[in-house]
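**Q** My questions concern the predicted model and sequence given below.
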Number of protein chains: 2
Amino acid sequence: MKRKACAEVGIRSVDVDLPEDISELALVAEVHRLNADPAVHGILVQLPLPKHINEEKILSEISIEKDVDGFHPLNIGKLAMKGREPLFVPCTPKGCMELLSRSGVTVKGKRAVVVGRSNIVGLPVSLLLLKADATVSIVHSRTPDPESIVREADIVIAAAGQAMMIKGDWIKPGAAVIDVGTNSVDDPTRKSGYRLVGDVDFAEVSKIAGYLTPVPGGVGPMTVAMLLKNTVDGAKRGIVE
Amino acid sequence: MKRKACAEVGIRSVDVDLPEDISELALVAEVHRLNADPAVHGILVQLPLPKHINEEKILSEISIEKDVDGFHPLNIGKLAMKGREPLFVPCTPKGCMELLSRSGVTVKGKRAVVVGRSNIVGLPVSLLLLKADATVSIVHSRTPDPESIVREADIVIAAAGQAMMIKGDWIKPGAAVIDVGTNSVDDPTRKSGYRLVGDVDFAEVSKIAGYLTPVPGGVGPMTVAMLLKNTVDGAKRGIVE
């Protein structure tokens, strides 16, 4: 999907396939080679990595100028801090904000509830919403009564990874609901035997919410678009400097 | 206060007084000198800096191993991210967590509301509470109705910098309230003409809350203690390595 999107917009994408038993040292060397290559403007390390490799170590070796995923701790720190700007905003959270903005949903002064606190989505999208002047609550697996908090939200970001956990009666009428979940559930009526559903019960919530993104076809394509945007932005910065 | 506390526990503190018209370059050189000095284990840059100096630039020059304030974006990023640990936790937020823990207040699964979102207190204490499995809400100057959210909190961290804004009827009976505010208000009955008050109306809230820190004498001394702890921890790390 990312490869195809690159081709469509004219970004050259290169796969670097490496053996599963590659040593950590050799993988670091490969990342350094891409860091040093002026023709490369963005580097994605496909996760998960084999168990003998320290994921944190590898990710931290990606040059911050080419960290188009935006997951480097320095980037996350700047994302979190008032008055600082990260080089790259993580793609899915950036896509969520873009969806809200393009749909004309006001964020400033609104109650936003983020369901989930992952490094990839829940945490950074909470930080973005806070910077955009929403009042932000983060609920997660240790929250005893998430529905009572979600019910107060003007904006819900569902990123818990729990199939259809968010029901119609969790939603304030008219709320904007962004469904980040992608869960596969058994479906014997399909040839594949499964189908993809979000963290939101679409049939129920679509009757209550003012805005709701579908799964698949909502946040996913927007994430890819933001990845392309980050890459182009990174390339532009390289030219200006 | 910090100097005196250092002397009490046997940490040697050194003041480096510099002229107000020092150039940015010369100040950076001074920071680098302290970074390189093996007898120095913690560096604090006294803020605010003169206007001709870029505060962000200077702070980012402090070696991350000696950033005992814990304000480096890389440190804040690691504080935010699941599975990562910062070298130093910012002192006031760390003090708030210590106060809760020493008072036997359970954080896990509780509703925590942080009033204020500063880089120094509101933001990092929110991240710490989230890591400690609280359900966290952050209210701030753009929140239309902060009292309705504070009223749901088992734990309130007041860090808005607004004298006595949090009233008795904002507080759930029995809640733990940490008052980080230090505001000076006019007081003609005092020789100095003013007195220090927190963000919490102490007289009212002390009747409702289960726990409440006083101002002065609550979070302030704990912040100093955490600064000393960070410095000692940094020095220990230096010995081990």
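**A** Right, received. Where do you want to start?
**Q** tally of neighbours for the spatially closest residue to residue A:176 that is not a sequence neighbour?
**A** Counting by Cβ to Cβ, 6 or more residues apart in numbering or on different chains, residue A:211 is the residue found nearest to residue A:176 once chain neighbours are left out, at 4.1 Å. (Glycine included, C-beta is placed from N, CA and C.) Neighbour count of residue A:211, defined by other Cβ atoms under 10 Å in any protein chain shown: 17.
**Q** Lowest-scoring secondary structure element of chain A by mean pLDDT?
**A** Lowest on mean pLDDT, DSSP states H and E among the helices and strands of chain A sits helix A:55-61, with a mean of 90.
**Q** would you list every one of the helices in chain A?
**A** Here chain A has its helices, by DSSP state H, at A:2-9, A:24-36, A:55-61, A:73-80, A:91-102, A:122-131, A:146-150, A:202-205, A:219-240.
**Q** how about a markdown table for those helices, with distance to chain B and mean neighbour count added?
**A** Compiled in a markdown table, the helices of chain A are given as follows (distance: least, Cβ to the nearest Cβ, whole Å; neighbours: other Cβ atoms under 10 Å in any protein chain shown):
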| stretch | distance to chain B | mean neighbour count |
| --- | --- | --- |
| helix A:2-9 | 23 | 12 |
| helix A:24-36 | 18 | 14 |
| helix A:55-61 | 7 | 16 |
| helix A:73-80 | 3 | 24 |
| helix A:91-102 | 13 | 22 |
| helix A:122-131 | 6 | 26 |
| helix A:146-150 | 7 | 19 |
| helix A:202-205 | 21 | 17 |
| helix A:219-240 | 17 | 18 |
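**Q** who's in contact with the residue nearest the centre of chain A?
**A** Taking Cα atoms, centre = their mean, the centroid of chain A lies closest to residue A:92, which sits 2.3 Å from it. By Cβ atoms under 8 Å, 6 or more residues apart in numbering or on different chains, the contact list for residue A:92 reads A:120, A:121, A:125, A:159, A:180, A:219, A:222, A:223, A:226.
**Q** From those, pick the one nearest residue B:51.
**A** The closest of the contacts of residue A:92 to residue B:51 turns out to be residue A:125 (Cβ to Cβ; 35.1 Å).
**Q** show me what contacts the nearest residue to that closest one once chain neighbours are set aside?
**A** Leaving aside its sequence neighbours, residue A:125 sits nearest to residue A:93 (Cβ to Cβ, 6+ apart; 3.8 Å). Contacts for residue A:93 (Cβ under 8 Å, 6+ apart) come out as A:121, A:124, A:125, A:127, A:128.
**Q** again, only using 6 Å
**A** A:124, A:125, A:128 (Cβ atoms under 6 Å, 6 or more residues apart in numbering or on different chains).
**Q** Starting from residue A:80, give me the distance back to it.
**A** 12 Å (Cβ to Cβ, to the nearest Å).
**Q** What of residue A:188?
**A** For residue A:188, the distance to residue A:80 - Cβ to Cβ - is 45 Å.
**Q** cool, and residue A:180?
**A** Taken as Cβ to Cβ, the span from residue A:180 to residue A:80 is 19 Å.
**Q** now swap in residue A:209 and tell me
**A** 29 Å.
**Q** so what's the residue nearest to the centre of chain A scoring on pLDDT?
**A** If you check residue A:92, the pLDDT there is 98.
**Q** likewise residue A:121?
**A** Here, the pLDDT recorded for residue A:121 equals 97.
**Q** count of residues packed around it?
**A** Counted with other Cβ under 10 Å, residue A:121 comes out at 27.
**Q** and the closest residue to it other than its chain neighbours, what does it touch?
**A** Of all residues not flanking residue A:121 in the chain, residue A:159 sits nearest, at 4.1 Å (Cβ to Cβ, 6+ apart). Taking Cβ under 6 Å, 6+ apart, we find residue A:159 in contact with A:116, A:121, A:122, A:180.
**Q** With respect to residue A:16, which of these is nearest?
**A** Nearest member of those to residue A:16, counting by Cβ to Cβ, is residue A:121, at 25.7 Å.
**Q** list the contacts for residue A:41?
**A** Contacts of residue A:41 (Cβ under 6 Å, 6+ apart): A:231, A:234, A:235.
**Q** next one: residue A:9
**A** Counted by Cβ under 6 Å, 6+ apart, residue A:9 has contacts residue A:228.
**Q** re earlier: turn the contacts of residue A:92 into CSV, columns for distance to residue B:36.
**A** CSV is the format used below for the contacts of residue A:92 (distance: Cβ to Cβ, whole Å):
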residue, distance to residue B:36
A:120, 38
A:121, 41
A:125, 40
A:159, 44
A:180, 46
A:219, 48
A:222, 47
A:223, 44
A:226, 41
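**Q** Okay, now the unreliable bits of chain A?
**A** A:240-241 (pLDDT under 70).
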